[in-house]
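Participant: sequence? don't have it. structure:
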């Protein structure tokens, strides 16, 4: 690859760097409050562990490390996420450059990731562990393709790092390297790259990376998998055939949700030339087809034999993220000219790159006109500021992790516990005053101390339930006098 050729696609990465920097700015401007996954990271950054529950710990470890240097803040959360996304797109572009000759198709394949709603919108809106999966999949995919095309110690090492990170990101990531292995073994030419001594390096690196968590998983398998299995198998009292039908239909809907917009964009961009292009192929398209088929077959096995009834579209990220590259490989194999297509693609890309940040900001900002509130409109910081005028808490017990993470962001030097995460339960005997905070139903419902909190106080501190109070705080970007209600109580408040 000549210096001139590198310059030909360098603009892609400059554009992406600017876009993800914009996303950081938009997130900071939207709201100081944290959403579910962000709050989880802030809350669980109080301790370092080999495992935290139903999600593997890669993102937690990474965010914990960043917080140690930068402090707990929305800025640190947003930069980590968008840096991971930028690196993922960068690696995807480098992979596309390995197998595509047409620079326009390299650009369309790389930027085509933004046509996938789960990756362009949902990952920005809240997801963290799915971002880690995409990051890991991009590392593995680059190492895998490079090992097949330009094998070296480095390429096998990169693939091993991707596998290790991926297994620490989400357990379903395991289907991706398994699909890649089976797909490569079924091709006589590519099989030589699998039966290569350097593959041992891939396995060793992946094992070393995952080993600390594997030891934890051995003793906590039920804790780690129960919630995910509950989500997957939530079919009620349905019969076996009904459960299978539910699973297959949810898989079909998830696939359409994931790929539908991308297919539509490619149809608009390439017009009539797309249909004949889908009949062309190369060794790379055949490899990716086999990978996708093995991946989907694995999910079908989970449905038929594992009782899975509800497949989420984001669970398809470890495999179907290759779709834009797959389409571009087919288009290049058909010899389709790309000048006109590229010109059509640019305005669509512009709409997405402007529309996604605008939609994310608007979903919160428009509440002042509509009165429709998102979680990011909740005034956690305002509530804590008001309560700290009454007393400075030595520790906080929150009703759930969303509330706990938001409080942790604004008072990082104080222990924050959550009722929905009993795994973190330090001794609070000598920490007074203790602040109890919980979310109140916004329409009716009891304003008393939740029974579970009262029981926790009796069991862990041997104290009776304190008097509960209510605080109303104006929404972030709220309409008129609209406010959000929190319940709170103090244990051993001074004065």
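Facilitator: Perfect, I can see it now. As the structure is a prediction and not an experimental result, all values here were calculated from the model. Residues are numbered from 1 along each chain as shown.

Participant: any weak-confidence spans in the protein?
Facilitator: 1-7, 226-237, 494-495 (pLDDT under 70).

Participant: State the helix or strand in which the closest residue to residue 303 other than its chain neighbours lies.
Facilitator: Spatial nearest neighbour of residue 303, chain neighbours left out: residue 247 (3.4 Å); criterion: CB to CB, 6 or more residues apart in numbering. (Glycine included, C-beta is placed from N, CA and C.) Under the criterion of DSSP states H and E, residue 247 resides in helix 240-270.

Participant: try residue 417
Facilitator: Assigned by DSSP H and E, residue 417 falls in strand 415-418.

Participant: what about residue 477, which helix or strand?
Facilitator: Per DSSP H and E, there is no helix or strand for residue 477.

Participant: who touches it in this structure?
Facilitator: By CB atoms under 8 Å, 6 or more residues apart in numbering, the contact list for residue 477 reads 31, 364, 365, 367, 368, 377.

Participant: Please give the number of neighbouring residues around residue 493.
Facilitator: 14 (other CB atoms under 10 Å).

Participant: ditto for residue 305
Facilitator: Around residue 305 there are 9 residues (other CB under 10 Å).

Participant: Quick check: the residue lying closest to residue 181 once chain neighbours are set aside vs residue 185, distance?
Facilitator: By the measure of CB to CB, 6+ apart, the closest residue to residue 181 outside its immediate chain neighbours is residue 194, 6.7 Å from it. As for residue 194, its distance to residue 185 is 6 Å (criterion: CB to CB, to the nearest Å).

Participant: Could you give the number of residues near residue 442?
Facilitator: Neighbours of residue 442 using other CB under 10 Å come to 11.

Participant: From here on, call the first residue 40.
Facilitator: OK, 40 is where the count begins now, so the last one is residue 481.

Participant: Can you tell me the element the closest residue to it other than its chain neighbours falls in?
Facilitator: Among residues not flanking residue 481 along the chain, residue 524 sits closest, at 6.3 Å (CB to CB, 6+ apart). Assigned by DSSP H and E, residue 524 belongs to strand 522-530.

Participant: Measure how far that strand is from the centre of its chain, please.
Facilitator: 31 Å (CA atoms, centre = their mean, to the nearest Å).

Participant: So which residues make contact with it?
Facilitator: 412, 416-418, 422, 426, 429-430, 438, 471-479, 481, 486-489, 496, 500, 502, 504-514.

Participant: got the contact list for the residue nearest to residue 220?
Facilitator: 220, 223, 224.

Participant: now the first one: how far from residue 334?
Facilitator: Taking CB to CB as the measure, residue 220 falls 12 Å from residue 334.

Participant: and if you look at residue 113?
Facilitator: 35 Å.

Participant: Of the two, which one has the most company?
Facilitator: Using other CB under 10 Å as the criterion, residue 113 and residue 334 rank with residue 334 on top: 23 against 18.

Participant: Leaving out chain neighbours, which residue sits closest to that one?
Facilitator: residue 358 (3.9 Å).

Participant: sec struct for the one you found, please.
Facilitator: helix (DSSP: H, G, I helix; E, B strand; the rest coil).

Participant: That one - how many residues pack around it?
Facilitator: Residues near residue 358, counting by other CB under 10 Å: 26.

Participant: before we move on, what about the one 4 residues further on?
Facilitator: Using other CB under 10 Å as the criterion, residue 362 is surrounded by 22 other residues.

Participant: That one reaches residue 155, doesn't it?
Facilitator: Yes - counting by CB atoms under 8 Å, residue 362 touches residue 155, with 7.3 Å between them.

Participant: which residues do the two both contact?
Facilitator: 298, 301.

Participant: and of the contacts of residue 516, the nearest to residue 325?
Facilitator: residue 403 (45.5 Å; CB to CB).

Participant: in the strand or helix carrying the closest one, what's buried?
Facilitator: Per DSSP H and E: residue 403 is located in helix 378-404. Residues of helix 378-404 classed as buried by neighbour count (16 or more other CB atoms under 10 Å): 380-381, 384, 387-388, 391-392, 395-396, 399-400, 402-404.

Participant: Report the angle between it and helix 279-309.
Facilitator: 120 degrees (axes from the mean of the first three to the mean of the last three CA atoms, to 10 degrees).

Participant: in terms of contact count, name the helices or strands touching helix 378-404.
Facilitator: Using 3 or more CB pairs under 8 Å, 6 or more residues apart in numbering; DSSP states H and E, the elements in contact with helix 378-404 are helix 42-69, helix 142-150, helix 162-164, helix 279-309.

Participant: okay, those in CSV with mean neighbour count and distance to residue 531 next?
Facilitator: Listed next are those as CSV, based on neighbours: other CB atoms under 10 Å; distance: least, CB to CB, whole Å:
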stretch, mean neighbour count, distance to residue 531
helix 42-69, 15, 37
helix 142-150, 24, 58
helix 162-164, 20, 40
helix 279-309, 17, 50
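
Participant: quick one: contacts for residue 115?
Facilitator: Here residue 115 is in contact with 102, 105, 106, 109 (CB under 8 Å, 6+ apart).

Participant: Ok, residue 432 next?
Facilitator: Taking CB under 8 Å, 6+ apart, one finds 426, 450, 453, 472, 473, 474 in contact with residue 432.

Participant: could you redo the last one with a cut-off of 6 Å?
Facilitator: Residue 432 is in contact with 453, 472, 474, counting by CB atoms under 6 Å, 6 or more residues apart in numbering.

Participant: do you know how far residue 450 is from residue 147?
Facilitator: 47 Å.

Participant: One more: residue 362?
Facilitator: Distance from residue 362 to residue 147, by CB to CB: 12 Å.

Participant: May I see the buried residues of stretch 469-488?
Facilitator: Buried, per 16+ other CB under 10 Å, within stretch 469-488: 470, 471, 472, 473, 474, 475, 476, 477, 478, 479, 488.

Participant: Apart from its chain neighbours, what residue comes closest to the third one?
Facilitator: Think residue 472. Nearest to residue 472 is residue 532, by CB to CB, 6+ apart, at 4.6 Å.

Participant: check which helix or strand covers that neighbour.
Facilitator: Per DSSP H and E: nothing holds residue 532, as it lies in no helix or strand.
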